[in-house]
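Trainee: Below are the sequence and a predicted model; questions follow.
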Amino acid sequence: MRLKNLVIGSGITLGAVGLGLAVKSFLPQRFSTASWVKQKERWPRFNIAALPEIEVSFLRCGSITIPELIAVRGAFSLAPRVISHSAVLIRHPQALFLYDTGLSSDIHMYLADQTLFFRKTLANFRLEQSLGSHLTERRIGGSDLDFAVLSHLHWDHVGGIPDIPGVPLRVNRVEYEAAKLGLLDARHGLVRRLMGDNPVELFDCAGPTYEGFRSSLDLFGDGSVVLVPLPGHTAGNTGMFINRSNGPRVFLLGDATWVSENYMRPATMHPFLWSRVTSDDATARQTLIDLHYYALQHPEVPLIGMHDAALQEQYMRSEKFTQAMTR
Ligand SMILES: [Zn+2]
């Protein structure tokens with residue numbers, strides 16, 4: 001009898017602790033961002049007119065709608081937020097290239113052997129338009145693309161590669177070395193299979209600090225496309241600044257954030273997802289703080305995550321307007 005009471009008692013206690021933890025997971029998490037002070041404006045450091053004209057287009061391949069409290073921890077809102085799967089097409093005078101690859105027309109075939117849990121959670125999306133179809137629509141053949149820079153090596157960022165066979169893949173060496181230790185072969189080699197036989201070219205962000213980020217790589221040596229490490233989501237998640245004469249500066253974030261609130265508040269996504277997709281919690285949260293500071297310092301620069309459908313749509317609308325005005 002005593003034992004039964006004890007079991008029931010501990011069951012109730014465990015239940016209460018579980019409920020407490022579940023409730024806590026929806027509450028805001030403390031970030032020490034109070035010490036921020038506005039720095040003296042350092043931009044523009046070079047002549048904007050001397051920069052090349054660069055066209056930047058988001059190619060949305062798929063999406064899923066989730067409640068805001070899942071995308072942003074501490075947001076007490078069930079408002080629908082669209083999480084997109086996109087590639088970015090960048091037309092620079094020296095190269096036509098992609099940042100991430102979105103999803104291929106065969107993506108469901110590649111996911112067919114994955115667990116039901118994976119397909120119903122992280123790999124749950126509606127395929128809208130494959131990367132290949134986007135490129136065909138723009139009359140771009142696979143051989144017209146010079147390369148694709150991959151922000152990181154999660155399946156949903158290499159998912160369009162089957163549509164661009166042979167196109168060289170530029171990957172941060174830190175990311176590739178880390179992925180060799182597990183990610184490439186995880187889930188029945190999903191990422192390795194998606195990357196196919198495309199040649200891999202490793203790069204290093206070994207240049208000087210850039211806009212408050214610890215190092216950089218100036219891709220064309222003209223200051224127009226600059227890569228910076230935004231680690232934590234994965235070891236080598238890499239952001240891209242695009243500086244151009246024909247429109248505002250753009251800062252692509254890979255998966256350092258999902259939606260703008262992640263760096264504006266700052267706040268992670270709900271810990272259920274955050275813990276599953278983040279390789280280093282402390283580093284990823286520090287990156288959110290770095291982006292938070294950058295965003296406060298540069299309200300004029302759009303910081304766009306690769307799943308942030310709202311910002312991507314907003315950007316594409318303003319880009320159409322900007323390009324119409326500058327023509
Ligand atoms: Zn992703």
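Mentor: On my side now, so go ahead. Numbering: from 1, shown residues only.

Trainee: Listing request: residues of the stretch 1-150 of the chain with sub-threshold pLDDT.
Mentor: 1-4, 6-17, 20-21, 34-46 (pLDDT under 70).

Trainee: For residue 63, which non-adjacent residue is closest in space?
Mentor: Using CB to CB, 6 or more residues apart in numbering and skipping the chain neighbours, the partner closest in space to residue 63 is residue 84 (4.6 Å). Just so you know, the C-beta spots here come from the backbone N, C-alpha and C atoms, and that holds for glycine as well.

Trainee: Look up how far the ion lies from the one you found.
Mentor: 10 Å (CB to the ion, to the nearest Å).

Trainee: Who are the packing partners of the helix or strand harbouring that residue?
Mentor: Residue 84 is part of strand 80-92, with elements assigned from DSSP states H and E. If you count contacts as 3 or more CB pairs under 8 Å, 6 or more residues apart in numbering; DSSP states H and E, strand 80-92 packs onto strand 55-67, helix 68-71, strand 95-101, helix 131-137, helix 309-326.

Trainee: from the middle of its chain, how far away would stretch 72-80 be?
Mentor: 20 Å (CA atoms, centre = their mean, to the nearest Å).

Trainee: circling back to that earlier point, can I get the strand holding residue 84 in CSV? Just the C-alpha atoms.
Mentor: Taking C-alpha atoms only, strand 80-92 is exported to CSV below (Å, rounded to 0.1, in the frame of the first residue of the first chain):
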residue,chain,number,x,y,z
PRO,A,80,0.6,31.2,-38.9
ARG,A,81,4.2,31.6,-40.0
VAL,A,82,5.3,30.3,-43.3
ILE,A,83,8.7,28.4,-43.3
SER,A,84,9.9,28.3,-46.9
HIS,A,85,12.6,26.1,-48.6
SER,A,86,14.4,28.4,-51.0
ALA,A,87,17.5,28.9,-53.2
VAL,A,88,18.9,32.3,-54.1
LEU,A,89,19.9,33.0,-57.6
ILE,A,90,22.7,35.6,-57.9
ARG,A,91,23.7,37.2,-61.1
HIS,A,92,27.1,38.9,-60.6
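
Trainee: From the chain's centroid, how far away is it?
Mentor: 9 Å.

Trainee: Repeat that for stretch 245-263.
Mentor: On CA atoms, centre = their mean, the centre of stretch 245-263 falls 9 Å from that of its chain.

Trainee: one step back: the strand holding residue 84: which residues count as buried?
Mentor: Using 16 or more other CB atoms under 10 Å as the burial criterion, the residues of strand 80-92 that qualify are 81-90, 92.

Trainee: Right, I'll call it a day here.
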